[in-house]
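1. okay, here's the prediction I keep looking at, along with the sequence it came from:
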Amino acid sequence: MDHSPHNQMGDFLRAQRARLTPKEVGLPATGSRRVRGLRREEVAVLAGVSADYYARMEQGRERTPSAQVAEAISTALRLGPDGRDHLFRLARLSPSSLCSDSEVSRELQQTIDTFPYAAAVVTNAASRVMAANATATALFAPMNSHDTIVGALFLDGSARQFYVDWDSTAQAEVCKLRLALSYTPPHPEVAALVEKLLDTSKPFRAMWNDENVTGPPTASRVIEHPAVGLLRLTLQRFDVRGAAGLELTLLSATPGSQSAKALERLSPHSSFDASIDASFADLARKFDNSVPRGTYSLLGEQGYDGHEGRPA
């Protein structure tokens with residue numbers, strides 16, 4: 001199936017104006033409306049451009065608007081920072097970013113290894129893991145059946161069990177892929193991954209066609225690990241300087257919490273072994289045989305209702 005991005009900017013603009021109502025932008029809602037959201041003419045009025053020029057942009061006949069026009073349309077469509085940057089890249093108004101496939105430096109590997117009680121992962125633009133510390137290796141062992149984190153998220157049958165917050169996690173990762181694809185030229189792995197997921201995953205296809213570029217907050221993850229139970233983790237992401245396209249992700253837990261104790265069990269300083277080669281079932285079986293059942297549930301942790309460690 002052909003999913004080539006022949007008119008990415010037009011698709012994006014149409015989706016964004018469909019999200020807005022005349023009332024939201026201070027326009028009167030007059031007459032019957034055959035389209036959802038704003039009309040093209042209304043966006044043109046708000047942006048201060050001609051209706052014909054804006055129509056050409058949506059139709060793909062005008063692909064190189066000026067920065068002033070792109071800024072005006074961003075304002076008219078109430079785009080947030082991510083949406084504005086996305087439009088500027090689609091209009092070829094932002095510097096291209098060369099996605100790096102270089103090896104992770106020894107210094108960076110040493111840095112992530114200094115976080116024994118945090119999971120540290122370095123990924124490329126297509127979410128392929130380039131480096132990880134031992135805690136991250138053990139944390140994501142159940143999801144190692146695919147080449148990329150996003151691939152496992154949508155194609156691994158255990159993903160919705162592993163990611164308790166699967167919906168928000170999936171939305172955030174789709175937004176990241178969309179932003180990565182708008183760079184010129186796009187990373188070949190990103191284009192190939194998007195093509196594969198559009199063909200094989202209905203949930204991915206629905207999220208991708210939604211054209212959302214903001215996504216839900218991504219400052220946390222809730223993971224049900226078969227070996228150590230439920231973990232409520234804080235997530236932070238950092239660009240790797242000198243290696244465009246590489247990103248460092250740190251997952252940590254509140255000190256002293258049950259999540260922190262569970263994460264510590266996965267660290268290299270723990271006697272508990274959660275090998276990356278073990279399957280979801282293997283890890284669960286190993287854990288069941290090593291400790292009394294329920295020892296590491298998160299009962300009583302803030303934000304949970306105490307019923308089998310699931311979120312309230």
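-> Noted; the coordinates are in hand. Numbers count the residues shown, from 1 in each chain.
2. quick one: low-confidence ranges for the stretch 151-300 of the chain?
-> Within the stretch 151-300 of the chain, the ranges that satisfy pLDDT under 70 run 184-185, 215-218, 269-300.
3. sec struct for G37, please.
-> Classification of G37 using DSSP: H, G, I helix; E, B strand; the rest coil returns coil.
4. and it, how many neighbours?
-> 18 (other Cβ atoms under 10 Å). Using the backbone N, CA and C atoms, a C-beta is placed for each residue, glycine as well.
5. for S32, same thing?
-> With other Cβ under 10 Å as criterion, S32 counts 4.
6. from R178, how far off is T214?
-> 10 Å (Cβ to Cβ, to the nearest Å).
7. any common contacting residues for these two?
-> By Cβ atoms under 8 Å, 6 or more residues apart in numbering, T214 and R178 have no common neighbours.
8. which one's more surrounded, these two?
-> Neighbour count, other Cβ under 10 Å: between T214 and R178, R178 has more, with 22 against 14.
9. for S252, grab phi and psi.
-> The phi/psi pair for S252 (degrees, to the nearest 10) reads phi -140, psi 170.
10. spit out the contact partners of it.
-> Contacts of S252 by Cβ under 8 Å, 6+ apart are F115, Y117, A118, A119, L233, T234, Q236, L263.
11. go on, F238?
-> E247, L248, T249, L250.
12. just the ones of these in strands?
-> Judged by DSSP state E, the contacts of F238 include E247, L248, T249, L250 as members of strands.
13. helix/strand/coil for the closest residue to the second one other than its chain neighbours?
-> Distances taken as Cβ to Cβ, 6 or more residues apart in numbering place F238 nearest to L248, at 4.6 Å, with adjacent residues excluded. Three-state secondary structure (criterion: three-state DSSP) places F238 in strand.
14. what distance do you get for F238 to T123?
-> F238 is 11 Å from T123, by Cβ to Cβ.
15. what sits in contact with each of those two?
-> What both F238 and T123 touch, as defined by Cβ under 8 Å, 6+ apart, is the set E247, T249.
16. pretty sure D82 is touching A180, no?
-> No: at 11.9 Å, D82 and A180 do not qualify as touching, with contact defined as Cβ atoms under 8 Å.
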